[in-house]
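J.: Generate a structure from the sequence data that follows.
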Amino acid sequence: MNLYVESSAIVARLLGQSNGAVVQDLLERAENVFSSELVLVECDRALVRAEAAGVLSEAQAAGLRAILNREAAYWTLLRIEGEVLERARRAFPVEPVRSLDALHLASLLIVRSIFADAEVLSFDQRIRGNATALGFQLAQT
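T.: Residues are numbered from 1 along each chain as shown. You can find the predicted model right below:
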């Protein structure tokens, strides 16, 4: 399976949410994992917010950040430049779309040009709705 993973899924796994085990299973089963390099920023910000809110200690946040970086080293992260930026500036099938979501959707379209069978793993309804409208299969969660 070729899997495009969006930040909401990775955050769910890092923060131990109920659907995090499903995310872990899908990541382990995927032959190739893709995302935007934005996933690192969004996940790090989620960890910073959790630490600031007292949900995580500084040590826990650092440990989760290390896990994220170690795992992401095996993923293909698309850069936020060129074709991704150009496509993100245009409309998507289900508007409104926030800027960061548009970057994920544009990256997803780049992945499809390489792997037509790429599945999408996201818990964000805007991403899921647009991915479906664009003809992508959603990973079973």
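J.: does Phe34 count as helix, strand or coil?
T.: strand (DSSP: H, G, I helix; E, B strand; the rest coil).
J.: Quick check: beta-bridge partners of it?
T.: Tyr4, Thr76 (DSSP bridges).
J.: Could you pull up the residues touching Val48?
T.: Contact analysis of Val48 by C-beta atoms under 8 Å, 6 or more residues apart in numbering lists Ala61. Yep, even glycine has a C-beta here, placed from its N, CA and C like the rest.
J.: Quickly find the element holding it.
T.: Using DSSP states H and E, Val48 falls within helix 38-52.
J.: buried ones in that helix?
T.: Leu38, Val39, Leu40, Glu42, Cys43, Asp44, Ala46, Leu47, Ala50, Glu51 (16 or more other C-beta atoms under 10 Å).
J.: The third one touches Ala72, doesn't it?
T.: Yes - A contact is recorded between Leu40 and Ala72 when judged using C-beta atoms under 8 Å, the distance being 6.2 Å.
J.: sorry, back to before: is it possible to export the buried residues of helix 38-52 to JSON lines including distance to Gln24 and pLDDT?
T.: Listed next are the buried residues of helix 38-52 as JSON lines, based on distance: C-beta to C-beta, whole Å; pLDDT from 0 to 100:
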{"residue": "Leu38", "distance to Gln24": "21", "pLDDT": "98"}
{"residue": "Val39", "distance to Gln24": "15", "pLDDT": "98"}
{"residue": "Leu40", "distance to Gln24": "18", "pLDDT": "98"}
{"residue": "Glu42", "distance to Gln24": "18", "pLDDT": "98"}
{"residue": "Cys43", "distance to Gln24": "14", "pLDDT": "98"}
{"residue": "Asp44", "distance to Gln24": "19", "pLDDT": "98"}
{"residue": "Ala46", "distance to Gln24": "17", "pLDDT": "98"}
{"residue": "Leu47", "distance to Gln24": "17", "pLDDT": "98"}
{"residue": "Ala50", "distance to Gln24": "18", "pLDDT": "98"}
{"residue": "Glu51", "distance to Gln24": "22", "pLDDT": "97"}
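J.: All set now, cheers.
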